[in-house]
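A.B. asks: Sequence isn't available, so here's the structure alone:
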């Protein structure tokens with residue numbers, strides 16, 4: 001799967017999951033519809049909540065699909081071979097929440113199209129509403145996220161975002177942060193001695209990897225080849241276990257900060273207020289200037305000189321992008337500093353709380369922050385032109401996992 005320019009690949013669950021599992025998919029061009037699919041990349045177990053959508057997708061895909069199923073991830077669900085076999089038999093009845101996995105417009109016959117009935121749009125034209133659903137499979141949204149959208153012309157008139165995946169322990173994109181949280185909750189020796197520097201370094205490298213994978217997904221959406229390549233270089237560097245990684249992450253961060261086309265596409269898009277963003281937590285809140293980062297109260301992070309990234313406060317898609325790029329660079333710096341402290345035998349103070357700041361926000365917030373982020377993304381997309389609405393939804397780095405822990 002490392003051959004250059006492998007096109008038409010359906011990546012299940014999505015590229016961010018495979019990055020978390022140690023696999024680089026930058027050389028793969030994701031399939032955007034069943035008709036464009038030539039290759040399937042999927043773990044042996046299809047995550048529960050995606051198997052019906054995958055069956056529908058495969059049922060509409062061309063014959064002769066190449067299937068790659070390397071061992072990866074800790075997903076639980078039906079066997080891939082069973083899903084493929086059912087699709088081959090035509091047994092692809094979708095669950096209601098999974099209908100429209102790649103965008104589905106309501107069907108109309110020719111007589112309906114002769115008489116367009118509705119209220120005038122903003123430009124004074126009477127346009128017939130178009131209802132469609134994005135997700136829960138295939139770009140541009142993360143796996144498990146569905147967006148039910150009504151378009152009035154090319155403007156979003158209604159939007160509802162839902163999350164369809166569930167699993168024990170929650171989102172598998174953050175195994176290191178989740179394991180560290182569990183250690184801290186148990187008040188184990190690993191969180192009160194020299195071993196804690198190693199935990200911090202691992203969590204921060206995971207943060208850098210998560211943000212880089214998200215930036216690559218954004219680059220895919222915007223057809224920004226330089227961003228895709230730079231983010232892919234970071235992913236490869238972190239997968240390789242390079243001791244520092246600052247060079248690759250620094251290049252990515254500088255590209256995001258200086259790129260004028262990126263600024264034109266994202267500035268003023270999907271703007272939210274600090275009051276609304278407070279419930280979303282994490283980078284979404286920090287992109288509104290809120291000092292919401294549980295690392296701020298951790299004495300070990302204070303020893304490393306940590307300060308939350310709060311330089312970008314506009315609350316729009318650009319601010320969310322700049323915050324994540326800045327945090328990715330900061331994360332590899334923190335990881336290197338923690339590793340140095342461990343080598344020097346520096347005493348690591350215990351954490352002040354069991355909560356750990358994950359890439360999307362504090363893991364101790366349960367499911368509330370993820371649900372609030374989904375609602376905020378849907379509200380921010382209202383009234384936006386179609387391409388801006390897509391950028392808005394992607395800019396929130398939504399999680400498709402609905403979990404309570």
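C.D. replies: Yes, it's here. Since we're looking at a predicted model, the values are computed, not measured. Residues are numbered from 1 along each chain as shown.
A.B. asks: Check the offset of stretch 9-25 from the chain's centre.
C.D. replies: 11 Å (Cα atoms, centre = their mean, to the nearest Å).
A.B. asks: buried sites along that stretch?
C.D. replies: Within stretch 9-25, the residues that qualify as buried by neighbour count (16 or more other Cβ atoms under 10 Å) are 9-21, 23-25. Quick note: C-beta positions are derived from backbone N, CA and C, even for glycine.
A.B. asks: Could you do stretch 56-69 as well?
C.D. replies: Residues of stretch 56-69 classed as buried: 56-59, 61, 65, 69 (neighbour count, 16+ other Cβ under 10 Å).
A.B. asks: and which of these is nearest residue 203?
C.D. replies: Set against residue 203, the nearest of these by Cβ to Cβ is residue 69 (29.4 Å).
A.B. asks: so the closest one touches residue 42, yeah?
C.D. replies: Yes: Residue 69 is in contact with residue 42 according to Cβ atoms under 8 Å; the separation is 5.9 Å.
A.B. asks: Mind listing the shared neighbours of the two?
C.D. replies: With contacts taken as Cβ atoms under 8 Å, 6 or more residues apart in numbering, the residues that reach both residue 69 and residue 42 are residue 80.
A.B. asks: follow-up on the earlier one: of the buried residues of stretch 9-25, which belong to strands?
C.D. replies: 9-11 (DSSP state E).
A.B. asks: can you list the buried residues of stretch 56-69 in JSON lines and add distance to residue 357?
C.D. replies: Shown next, in JSON lines, are those (distance: Cβ to Cβ, whole Å):
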{"residue": "56", "distance to residue 357": "37"}
{"residue": "57", "distance to residue 357": "35"}
{"residue": "58", "distance to residue 357": "38"}
{"residue": "59", "distance to residue 357": "42"}
{"residue": "61", "distance to residue 357": "40"}
{"residue": "65", "distance to residue 357": "40"}
{"residue": "69", "distance to residue 357": "34"}
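A.B. asks: want to try CSV for those residues, with pLDDT and distance to residue 395 as columns?
C.D. replies: Formatted as CSV, these follow (pLDDT from 0 to 100; distance: Cβ to Cβ, whole Å):
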residue, pLDDT, distance to residue 395
56, 94, 28
57, 95, 25
58, 94, 30
59, 93, 32
61, 94, 30
65, 92, 32
69, 89, 32
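A.B. asks: tell me which of those is nearest to residue 238?
C.D. replies: Using Cβ to Cβ, the buried residues of stretch 56-69 come closest to residue 238 at residue 69, 24.1 Å.
A.B. asks: residues in contact with the closest one?
C.D. replies: 41-44, 80.
A.B. asks: What segments of the stretch 51-200 of the chain are strands?
C.D. replies: 66-68, 129-134, 145-152, 155-163 (DSSP state E, counting those that start in this stretch).
A.B. asks: Equivalent analysis for the stretch 301-405 of the chain, please.
C.D. replies: Along the stretch 301-405 of the chain, counting by DSSP E, counting those that start in this stretch, strands occupy 357-358, 361-362.
A.B. asks: most packed of the strands of the stretch 51-200 of the chain?
C.D. replies: Neighbour counts (mean count of other Cβ atoms under 10 Å) averaged over each of these peak at strand 145-152, with a mean of 22.
A.B. asks: Could you point out which of the strands of the stretch 301-405 of the chain sits nearest residue 133?
C.D. replies: strand 361-362 (26.3 Å).
A.B. asks: Neighbouring strands - and their directions - for the closest one?
C.D. replies: According to DSSP bridges, strand 361-362 forms sheet pairs with strand 357-358 (antiparallel).
A.B. asks: now the partner strand: how far from the chain's centre is it?
C.D. replies: For strand 357-358, the distance to the chain centre is 14 Å (Cα atoms, centre = their mean).
A.B. asks: Contacts for it next, please.
C.D. replies: For strand 357-358, contacts defined as Cβ under 8 Å, 6+ apart pick out 174, 177-178, 207, 282, 293-295, 363.
A.B. asks: quick one: which of the residues you listed is most hemmed in?
C.D. replies: Neighbour counts for the contacts of strand 357-358 peak at residue 282, which has 28 neighbours (criterion: other Cβ atoms under 10 Å).
A.B. asks: Could you pull up phi and psi at that one?
C.D. replies: Residue 282 adopts backbone torsions of phi 60, psi -150, taken as degrees, to the nearest 10.
A.B. asks: can you pull the pLDDT of it?
C.D. replies: The model reports residue 282 with a pLDDT of 95.
A.B. asks: For it, which non-adjacent residue is spatially closest?
C.D. replies: residue 361 (2.7 Å; Cβ to Cβ, 6 or more residues apart in numbering).
A.B. asks: And the pLDDT for the one you found?
C.D. replies: pLDDT, residue 361: 92.
A.B. asks: now the one 4 residues further on
C.D. replies: The model reports residue 365 with a pLDDT of 57.
A.B. asks: what residue ranges in this structure score low on pLDDT?
C.D. replies: Low-confidence segments of the chain (pLDDT under 70): 1-4, 72-75, 92-127, 167-171, 185, 187-192, 364-366, 403-405.
A.B. asks: run the last query once more with 80
C.D. replies: Low-confidence regions of the chain, defined here as pLDDT under 80, cover residues 1-5, 71-76, 91-127, 166-176, 178-179, 181-194, 242-244, 352-354, 364-367, 402-405.
A.B. asks: Name the nearest residue to residue 30, ignoring sequence neighbours.
C.D. replies: Closest to residue 30 by Cβ to Cβ, 6+ apart is residue 139, at 5.1 Å.
A.B. asks: Count residues in the vicinity of residue 35, would you?
C.D. replies: Neighbours around residue 35, by other Cβ under 10 Å: 11.
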